[in-house]
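Participant: sequence first, then the predicted structure:
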Amino acid sequence: MGKRSRANPNYIDHVVGAMVFIDSVHSEIHEGHFFECTAYDNSIDNAAAIDLLVVTGSRRCHIVFQGAVGGNSVAYLYENTTVSDNGAAVTIHNKYRNALMSPSVAVYSGPTITSVGVLLHSSFLPGGTKSFAGGGQTRTESEWVLKPNANYLARMVNISGGAVPASIALEWYEEE
């Protein structure tokens, strides 16, 4: 049947003769609507956090986040976060490298938080404590559809009792 295209959406694998399908999120990558950004710290102190401020634009944003840390930690997602300083802009990448679409969402690391806002999600990441820390990770399996023109906070807090590495990754697509 040839390659898949808008004119020919059905594609049959030439080896096994099966129709090839991709999920809708994968399709958003192909359409150039899918973005990603990350933050990493090689050593955050006990009770310290990595914070990413997500400022949505006018487009509807469908987002998932994931975190990894070298010891016990807690991941949070807050809505309606207020800040006195956004922090440093985080580089955002379109996962389709030839796409022309730019994100309407902006992401900042190290914001100065006035109020975290409304807690939407929290999850414990078991990773061990102090010298017995092996690490843990989490990922929201279903997306959050964020309100336009709002502030959100993705936060990873180290509760391992010692300094550990940690990271947060955000992945989202935006409706045109």
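Facilitator: Yep, it's here.
Participant: least trustworthy helix or strand in the protein by mean pLDDT?
Facilitator: Across the helices and strands of the chain, mean pLDDT, DSSP states H and E gives its lowest value to strand 136-139, namely a mean of 53.
Participant: domain ranges for this structure?
Facilitator: 1-31, 35-174 (automatic domain parsing).
Participant: just the mean pLDDT for the first one, thanks.
Facilitator: Okay, so that is domain 1-31. Average pLDDT, domain 1-31: 66.
Participant: repeat that for stretch 90-110.
Facilitator: So the average pLDDT for stretch 90-110 ends up being 94.
Participant: and for stretch 166-176?
Facilitator: Average pLDDT, stretch 166-176: 91.
Participant: same deal with stretch 143-162?
Facilitator: Stretch 143-162 comes out with an average pLDDT of 94.
Participant: ok so, going back, any idea which helix or strand comes after the least confident helix or strand of the chain?
Facilitator: Moving toward the C-terminus from strand 136-139, the next helix or strand (DSSP states H and E) is strand 144-146.
Participant: which residues does that next one contact?
Facilitator: Applying C-beta atoms under 8 Å, 6 or more residues apart in numbering, the set of residues contacting strand 144-146 from outside is Val54, Thr56, Arg60, Cys61, His62, Ile63, Val64, Leu77, Glu79, Leu120, His121, Tyr152. For every residue, glycine as well, the C-beta is placed using N, CA and C.
Participant: check which helix or strand the fifth one maps to.
Facilitator: Using DSSP H and E, His62 sits within strand 61-69.
Participant: for that strand, packing partners?
Facilitator: Packing contacts for strand 61-69, counted by 3 or more C-beta pairs under 8 Å, 6 or more residues apart in numbering; DSSP states H and E, involve strand 73-79, strand 118-125, strand 136-139, strand 144-146, strand 151-158, strand 164-174.
Participant: mind doing that once more with 6 Å?
Facilitator: Packed against strand 61-69, as judged by 3 or more C-beta pairs under 6 Å, 6 or more residues apart in numbering; DSSP states H and E, are the following elements: strand 136-139, strand 144-146, strand 164-174.
Participant: these: which one's closest to Ile29?
Facilitator: Closest to Ile29 of the helices and strands packed on strand 61-69, according to C-beta to C-beta: strand 164-174, at 7.8 Å.
Participant: okay then, goodbye and thanks.
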